[in-house]
Every structure is written in C-alpha cells, then in structure tokens.
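Trainee: after the sequence you'll find the predicted model.
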Amino acid sequence: MKGLVVSFRGQYNHLIKRSLWRIGIEVLIVDHNVVGRTLRTFKPDLIVLGGGPYTLPKDYKLLEKVVSMVLDVDVPTLGICLAHQLIALYLGGIIGKSRTPEYGMVNINIVNDDPLFNNIPKTFRAWCSHNDEVKKLPKTLKVIAKSDTCPIEGFKLKNKPIYGLQFHPEVEHTEYGLQIFENLKMIARS
C-alpha cells in the first residue's frame, strides 16, 4: 500500500511519514508545488495533506489548485490542521480566527461515529497548534469531532472518505494518533 504526504511546509510532515511507515505503508512526501506530477506517477492508495505556515483565507489562491487536484483522485484523503481548513474552504466552508486558539493538549470528543475513529474512546487527548479554525461547514461535510473550544475538530465528506482534523494525530502526544492512521489504512483497503 502506498501513501502520499503532501507538504505545505509544516513542521510535522516527517512525523506523518513516520506514522504511515510504522503501519506498513510505503510513503512519499512531496511539496505542494509538485503534487500534480506526483499524482500521475506515484498512484497512491491514500493521501495525507499536512499543516503549514500559510494563513487562510489570505493564502487560499496559492493553495486552491493543490486541493482541487488531490480531491479529484478517488482515494481516502486526510487533511491535518491547515489542510483541514483548506478542504473545508475549498468545499464552501468559512475559516476565521479561533475564539480560543488551541496550543498544546486538548480533549477531543467524537460526536459522530465514523470508521476513522474505530477502536478509539469517545474522548481522548490530542495535540493542537492553531490560531484559525473552520467556522462553518458546507452542507457536504459533517462534523465528527469537537473540543470545548473548537466546534469542528474533525469532519468527513458525506459521500466520500475525505476527512479533516484540526488536531495533529501524527504527534506522539496525541492519544490514539497511530490508530487514526491505521483506520485510514483500513478505509483505503475497503
């Protein structure tokens, strides 16, 4: 099984790669500027889009083409942090400043059952690092996780295995982070 990690030049992309590698996935990290060429040659079974220093919606035009290309590929896809926001914005959501920025450990509450959260308790601790958040989802997305300070910690596209997580499952401090990647692998196999 092959996984593609799309880097938006965030600090945790190597941790995403390591997490996927630990569960037996061949992994390639590519910069977001060359993702189109890579999609044609690498043919991934799943895609993870990482975080990064860009700010939405200000930098949206720089990144719009990337999310368009990735979502056109019919494989399970997970957007983390910035990419969570980018997918939501691309599909018609609204991004804005967090009422309460989240830095460090946060309690995540699963609010809708989903295969991405199989074998994970309804509440767990996760690492967050964001000052912006998804304020409103389009009708095509449903909330699957929240925290006390962020109402949209996780979402899923209703008709496809496209996910967004505001928190960082790749960071070792996140409880059940590796299980989330394992569940994404299982989704890709089904």
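Mentor: Ah, there it is. Numbering: from 1, shown residues only.
Trainee: please tell me how far residue 50 sits from residue 8.
Mentor: To residue 8, residue 50 is 6 Å away according to Cβ to Cβ, to the nearest Å. The way it works is simple: take the backbone N, C-alpha and C, and place the C-beta from them, glycine included.
Trainee: overlap of the contact sets of these two?
Mentor: Shared contacts of residue 50 and residue 8 (Cβ atoms under 8 Å, 6 or more residues apart in numbering): 82, 83.
Trainee: looking at the two, which one has more neighbours?
Mentor: More crowded of residue 50 and residue 8, by other Cβ atoms under 10 Å: residue 50, with 27 against 24.
Trainee: helices along the chain, start to end?
Mentor: 13-22, 35-42, 60-72, 82-90, 177-189 (DSSP state H).
Trainee: ranking those by burial, who's on top?
Mentor: Most buried of these by mean neighbour count (mean count of other Cβ atoms under 10 Å) is helix 82-90; its value is a mean of 25.
Trainee: could I get the helices of the chain in JSON lines, plus columns for mean pLDDT and distance to residue 138?
Mentor: Shown next, in JSON lines, are the helices of the chain (pLDDT from 0 to 100; distance: least, Cβ to Cβ, whole Å):
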{"stretch": "helix 13-22", "mean pLDDT": "97", "distance to residue 138": "25"}
{"stretch": "helix 35-42", "mean pLDDT": "90", "distance to residue 138": "23"}
{"stretch": "helix 60-72", "mean pLDDT": "93", "distance to residue 138": "13"}
{"stretch": "helix 82-90", "mean pLDDT": "97", "distance to residue 138": "7"}
{"stretch": "helix 177-189", "mean pLDDT": "98", "distance to residue 138": "21"}
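Trainee: among these, which comes closest to residue 142?
Mentor: When the helices of the chain are compared by Cβ to Cβ, helix 82-90 sits nearest residue 142, at 11.6 Å.
Trainee: and the angle for the closest one with helix 60-72?
Mentor: 90 degrees (axes from the mean of the first three to the mean of the last three Cα atoms, to 10 degrees).
Trainee: what about helix 82-90, distance to the chain center?
Mentor: Mean-position distance between helix 82-90 and its chain equals 9 Å (Cα atoms, centre = their mean, to the nearest Å).
Trainee: quick one: residues in contact with it.
Mentor: 6, 8, 10, 49-52, 54, 56-57, 60, 63-64, 66-68, 71, 77, 79, 95, 132-134, 137-138, 141, 152, 154-155, 162, 164-166.
Trainee: just the buried residues of the residues you listed.
Mentor: 6, 8, 10, 49-52, 54, 56, 60, 63, 66-67, 71, 77, 79, 95, 132-134, 137, 141, 152, 154-155, 162, 164-166 (16 or more other Cβ atoms under 10 Å).
Trainee: thanks again, I'm all set now.
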